[in-house]
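>>> Next one to model:
(chains A and B)
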Amino acid sequence: MNVDFALFIPEFVMAGMALVVLTVDLFLPQDRKHWLPYIALVGILGTMGSVFTIAGKSEELYGGLFLVDNFAVFFKVFLLAVGAFMVLASAEYVKKNLTRPGEFYGILLFSILAMMTMTAAGELLTAYISLELFSFSLYILASYAIHRPKSVEAGLKYILVGAFSSAILLYGLSLIYGSLGTTTFSGIADALAGNDDIPVAFLAGLVLVVVGFGFKITAVPFHMWAPDVYEGAPTPVTAYLAVASKAVSFALLLRLFAMAFGPAMDEWRPIIAGLAAATIVLGNLVAMAQHNIKRMLAYSSIGQAGYLLMGIAALSPLASNGLLFHIVGYSAANFAAFACIIAYENLTGKEEISDYAGLSRRQPFMALVLSGALFSLAGLPVFAGFATKFYLFAAVGNEGLLWLVIVAVAGSLVSLYYYLMVIKQIYLGEPEEDEPLRLSVSTVGLLGALGAAVVIFGVYPGPLINLIEKATAVLPMPV
Amino acid sequence: MIELEYVLFLSAVLFSLGLFGVLARRNAVMILLAIELMLNAVNINLVAFTVYLSPDLLVGIIFAIFIITVAAAELALALAIVLRLYRTRSSVNVDEVNLMRW
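Next comes the predicted model:
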C-alpha cells in the first residue's frame, strides 16, 4: 500500500513538539521553567502552519482509516487555536499553583494531537484510540494539582466514569462490527443502506454507543460526573474540558452520525432529540442553584451540550453548519469567561459567585469581557451566541423538530437568569476591598482577543460561515 | 464448534457482571476490576465475530489487541490516582470521596 506521509505532517509536527517539550523540561533549570509555555505555543503555531500544507485536499489513507478533508482541516485549525489560547491562559496559573510544568504542557500537546486525529478518523478503531489518548491526557490534567484533595478527587471521579463509559461504548462498537461486518464509517453506511431492515444487534450497539458518548459530552442523564470534575480540576483544565473536549466530541459525533449512521436516521433521531431536550432542561435549571462559578459554568455547559445535540438530531446540511457555528461561538464565549475566572483566581484565589461582587469597580475591563461572554452564552444579540443559536435553532426547526426548538428557546431564557445573577454581582455588588486589580499585559491581550472574537462572530459571521460550509460539504447527508 | 450464540451469551453475562460490579462496589479498585471485566466481554465479542463471521478479515482481532493495550494503560493511570487518593485520606472507598457532592 502506498501511503503519502506528507498528509501526516501536522500530526508528526505535533507529536514531535510534545516530545521536545518533555525533553527540554529535563534540561531546563528551575528558574527557566517559564520558557516552557512559549515552546509549547511555538509548537502549536508551527503545527497550525503545517495544517495549511494539507488544506483543500480530499484523500483517504489506509483504506478509509484516516481522512484528510476540509472537515478535518477546519477542526484542526480551530482546535489548535483553542490549544494556543489554553497555553496562554494557563501559563500564569501553572507557574503559581502547579509543580512540574513540563509534563503539563507535554500532556496538553498530546491531547491536542489526539484531537487532531479524532477529527480525521474515518473508522471506529482509529476514533476509539484517539478518544482514549485524549481522555487519558485529560484524566492526568484534571488530577494535576496532586496536593489539592479536590483535584485528586476530580481525577478519580473522571477516570472511573470515563473508563466505565469507554467500556459501554466499546461493547456497542463490537455489536455494530458484528452485525455489519465492517468498522469503516463509509462501510457501515453502505451496509445499512443495503439492508432492507436494520439488524437488531446494530440497534442495540447504536444505543450503547449513544450512552457511551453521552457520558463524554455530558448529556443528561449521563452528566453527573461533570460538575464535580469541573469544580475540582485546576481552572485552566476546566476551561479546556468545557471547550475543547465538547468541541472535538461533537466533531466526531457529527462525522460518525452523518457518514456512518445516516441511513438509520429514523431509528436514532427520537433518541438524540429526547437526550437533547432532557439535557437542555436539566442543565439550565440546576445551574440556577449554584454558588461556585466553575460549577455554574459546568451546568451551563451541560445545557450548551443539549443545544449542540439538537444539531445532531436534525442532521441536515443547514443543521450541521449551525452545529459547527455554535461550537465556534460557544467556545469563544466560554473560553473568554474562563479566561476571566482564571485571571481572577490568580489575583485573589477565589471562585465563588459572591466573590465577584463589585468587580466592575476593581477591574472594569475584566468585568466587561466577562459580562460580554456571559451575555453571549445566554444568546443576546450583538454577541456570537445570538447569531449561532439563531442559525442552529432555525436549521433544527426546518427539519420538523419545532418542539425541540421551543424547549431550547425556553432553556435559553432560563439561562439568562443565572448569567444575569453573576452580572448583577459584578456591576451592583459591594466589593469587600476597593483596591484595583492589576492585570498583566498578556492577560489583557488574551481577554481582549477573546472578547473581540465573541463580538466579531456575532456581528460579522460571513467569512466564518463560508469556511464552515466548505467543511460540512464533505459530509454525506441523509435525504 | 461451539455456536456463536453461546459465545455471545458468555460475553453478555460477563458484561452484565462488570456493569453490576461498577454500580454495586464501593471500593475504587474493585470498580476498576469490574470495568476490566466489561472490557474483556468486548474482547470476547470482537474475537468471536471475527472467527465466526469474517475469518479472513482480522479487524476484530486487531481491535481486541488495541483494547487490551489501552486497558492496561488505563488501569495503570487509574491506580496511580487511587494511590494518590489513598495517601491523602487512607481510604479508597468512593462513598467517602465527597468533598464535592457526587
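
>>> A:T388 in helix, strand or coil?
In three-state terms, and counting by DSSP: H, G, I helix; E, B strand; the rest coil, A:T388 is helix.

>>> Please give the element, helix or strand, for residue 46.
This is for chain A. According to DSSP states H and E, A:G46 maps onto helix A:36-51.

>>> Chain B, not that one
helix B:28-53.

>>> in that helix, what counts as buried?
Buried positions in helix B:28-53, judged by neighbour count with 16 or more other C-beta atoms under 10 Å in any protein chain shown: B:28, B:31-32, B:34-50, B:52. Glycine gets a C-beta too; all of them are placed from N, C-alpha and C.

>>> which other residues reach the helix or strand bottoming out on mean pLDDT in chain A?
Using mean pLDDT, DSSP states H and E, strand A:59-61 stands out as the lowest-scoring helix or strand of chain A, at a mean of 88. Residues outside strand A:59-61 that contact it (C-beta atoms under 8 Å, 6 or more residues apart in numbering or on different chains): A:3-4, A:7-8, A:66-69, A:122.

>>> Looking at the residues you listed, which is nearest chain B?
A:G122 (13.6 Å; C-beta to the nearest C-beta).

>>> Looks like that closest one contacts A:G64 (just checking).
Yes - at 4.8 Å, A:G122 counts as touching A:G64 under the criterion of C-beta atoms under 8 Å.

>>> returning to what we had before: for the helix or strand following the least confident helix or strand of chain A, enumerate the helices and strands it packs against.
Note on strand A:59-61: by DSSP H and E, the next helix or strand toward the C-terminus is strand A:66-68. Strand A:66-68 is packed against strand A:59-61, helix A:101-120, with contacts defined by 3 or more C-beta pairs under 8 Å, 6 or more residues apart in numbering or on different chains; DSSP states H and E.

>>> what separates the nearest residue to A:I9 once chain neighbours are set aside from chain B, distance-wise?
Counting by C-beta to C-beta, 6 or more residues apart in numbering or on different chains, A:I9 lies nearest to A:S50, which is 4.9 Å off, once chain neighbours are set aside. For A:S50, the distance to chain B equals 27 Å [C-beta to the nearest C-beta, to the nearest Å].

>>> quick one: contacts for A:V455?
Contacts of A:V455 by C-beta under 8 Å, 6+ apart are A:372, A:382-384.

>>> confidence score at the residue nearest to A:L26 when sequence neighbours are not counted?
Closest residue to A:L26 apart from its sequence neighbours, by C-beta to C-beta, 6+ apart: A:G102 at 7.4 Å. For A:G102, the pLDDT comes out at 91.

>>> Compare A:G122 and A:G64 (neighbour count), which wins?
Per other C-beta atoms under 10 Å in any protein chain shown, whichever of A:G122 and A:G64 has more neighbours is A:G122, with 26 against 17.

>>> Torsion angles phi and psi at that one?
Here is the backbone geometry of A:G122 (degrees, to the nearest 10): phi -120, psi 20.

>>> try A:A145
phi -80, psi 70.

>>> Just give me the neighbour total for it.
23.

>>> Spit out the contact partners of the residue in the stretch 251-400 of chain A positioned nearest to chain B.
Residue nearest to chain B within the stretch 251-400 of chain A (C-beta to the nearest C-beta): A:R295, separated by 8.1 Å. By C-beta under 8 Å, 6+ apart, A:R295 lies in contact with A:227, A:230-231.

>>> Make CSV from the contacts of A:V455 and add secondary structure and distance to chain B to it.
Below are those laid out as CSV (DSSP: H, G, I helix; E, B strand; the rest coil; distance: C-beta to the nearest C-beta, whole Å):
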residue, secondary structure, distance to chain B
A:G372, helix, 29
A:V382, coil, 36
A:F383, coil, 31
A:A384, helix, 31
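
>>> Spatially, which residue comes closest to the most centrally placed residue in chain B, not counting chain neighbours?
Central residue of chain B (C-alpha atoms, centre = their mean): B:E36, 2.4 Å from the mean position. Using C-beta to C-beta, 6+ apart and skipping the chain neighbours, the partner closest in space to B:E36 is B:A71 (6.3 Å).

>>> That neighbour - that's part of a helix, no?
Yes - looking at B:A71 with three-state DSSP, it is inside a helix.

>>> Surely it and B:M38 touch.
No - between B:A71 and B:M38 there is no contact under C-beta under 8 Å: 9.7 Å.

>>> that older thread, pretty sure the residue nearest to the centre of chain B sits against B:L79.
No - under the criterion of C-beta under 8 Å, B:E36 is not in contact with B:L79, lying 11.7 Å apart.

>>> burial measure for A:A142, as a count.
With other C-beta under 10 Å as criterion, A:A142 counts 28.
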